[in-house]
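Asker: only the shape, not the letters, is given here:
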Ligand code: HEC
Ligand code: HEC
């Protein structure tokens, strides 16, 4: 929660600076509006790591980190079990970083563990490692009670890798694994009540579902109520 307060303080500071600059009649050097392609600036850390983990790693390593994700049964090697604290105690953070960014083949291990250095930034990989450490220690982390992240930021950080920029279902993880993800359209969403949508995002789709649904993780542990509401308003703009 500290992180969010920090971000808020930072925004306030920026705002004050801006006021000051305007007061002086100068043109404030405001950074340009972010484009859809830019990554979201967030504080690296385990909570951030959890969100990224659900987007990129959960499909194989599982919601609990035990290596039993919905895609694991399709693989010739078992994804690492992050709850195996004995094994992970022998690994340093920099070894994990190297493995995650360069992937299995570069380390004489399974090709199913792809090099994530192409799709994730350094901060993102470091946040994922911080979350893997939480799993190693069998701990849980508490989600933010509120946040300043708007729907578009949450979507870009946690949903785009499967649902794609505009909800067409063509995100990187979907492509990498050949997952079929039905496009999110206004028409599709209109079939759900607000409460039903909230529940799908909070609880994910049950792992015994036939079809793609089981690849939709549960976000209740990582997104606040407000963030879930924000991301619902954002996806509701698709296909307008
Ligand atoms: C397509 C499936 C798949 C995805 C997605 C995936 N992994 Fe893996 N991962 C594996 C497999 C399989 C192994 C086991 C490799 C082996 O032992 O040969 C593994 C092993 C690992 C290891 C163990 C390294 C070691 O020292 O043994 C780490 C750490 C890891 N993955 C991190 C991640 C992170 C972080 C993500 C998400 C950013 C991720 N993985 C996404 C399949 C996957
Ligand atoms: C690891 C991949 C993955 C991630 C990450 C992911 N989803 Fe999903 N999601 C899916 C899949 C797969 C489905 C089921 C689609 C289908 O049945 O074709 C789904 C279904 C949904 C649905 C129900 C729509 C429908 O098709 O019935 C909503 C709403 C949704 N996701 C929202 C989100 C939001 C919001 C996020 C980010 C917080 C998110 N998803 C992140 C894979 C993902």
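Answerer: Right, received. Where do you want to start? These numbers come from a predicted model, not from an experiment. Ligands and ions are numbered 1, 2, ... in the order given.

Asker: enumerate the residues of this protein near ligand 1.
Answerer: Residues of the chain lying close to ligand 1 by Cβ under 6 Å from any ligand atom are 56-57, 59-61, 71, 75, 77, 79-80, 91, 96, 99-100, 104, 109-110, 112-113, 116, 128. Yep, even glycine has a C-beta here, placed from its N, CA and C like the rest.

Asker: mind listing which of these are in helices?
Answerer: Using DSSP state H, the members of these that fall within helices are 56, 59-61, 96, 99-100, 128.

Asker: out of those, who's nearest residue 195?
Answerer: Nearest to residue 195 among those, counting by Cβ to Cβ, is residue 59 at 26.7 Å.

Asker: which of the residues of the chain next to ligand 1 come close to ligand 2?
Answerer: Among these, the residues that sit close to ligand 2 (Cβ under 6 Å from any ligand atom) are residue 59.

Asker: buried among the residues of the chain next to ligand 1? Make that a ChimeraX selection.
Answerer: The ChimeraX command for the buried members of the residues of the chain next to ligand 1 (criterion: 16 or more other Cβ atoms under 10 Å) is given here:
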select :56,57,59,60,61,71,79,80,96,99,100,104,110,112,113,116,128
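
Asker: can you tell me if stretch 206-224 touches ligand 2.
Answerer: Yes: applying Cβ under 6 Å from any ligand atom, one finds stretch 206-224 touching ligand 2 at 211-213, 215-217, 219.

Asker: turn the ones in helices among the residues of the chain next to ligand 1 into CSV, including pLDDT.
Answerer: Output for these, formatted as CSV (pLDDT from 0 to 100):
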residue, pLDDT
56, 96
59, 97
60, 97
61, 98
96, 98
99, 97
100, 97
128, 97
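
Asker: just the ones of the residues of stretch 206-224 next to ligand 2 in helices?
Answerer: Among those, no residue falls in helices (DSSP H).

Asker: filter these to the buried ones?
Answerer: Burial by neighbour count, 16+ other Cβ under 10 Å: within the residues of stretch 206-224 next to ligand 2 this picks out 212-213, 215-217, 219.

Asker: in the residues you listed, find the pair that's most separated.
Answerer: By the measure Cβ to Cβ, 212 and 219 form the most distant pair in these, at 16.8 Å.

Asker: list the contacts of residue 52.
Answerer: Residues counted as contacts of residue 52 (Cβ atoms under 8 Å, 6 or more residues apart in numbering) are 120, 124, 127-128, 131, 157-158.

Asker: name the helix or strand for it, please.
Answerer: According to DSSP states H and E, residue 52 maps onto helix 46-56.

Asker: what comes up buried for that helix?
Answerer: Within helix 46-56, the residues scored as buried using 16+ other Cβ under 10 Å are 46-56.

Asker: how far out from the middle of the chain is that helix?
Answerer: From the chain centre to the centre of helix 46-56 is a distance of 5 Å (Cα atoms, centre = their mean, to the nearest Å).

Asker: next: stretch 83-91.
Answerer: 24 Å.

Asker: do stretch 85-93 as well
Answerer: 24 Å.

Asker: ends of that stretch, how far apart?
Answerer: End-to-end distance for stretch 85-93: 14 Å, by Cα to Cα, to the nearest Å.

Asker: swap in stretch 213-223?
Answerer: Start-to-end, stretch 213-223 (Cα to Cα) is 20 Å.

Asker: touching it from outside, list them.
Answerer: 47, 50-51, 54-55, 58-59, 63, 70-71, 140-141, 143, 154, 158, 162, 179, 181, 200-208, 228, 231.

Asker: skipping adjacent residues, who's closest to residue 102 in space?
Answerer: Spatial nearest neighbour of residue 102, excluding adjacent residues (Cβ to Cβ, 6 or more residues apart in numbering): residue 115 at 5.1 Å.
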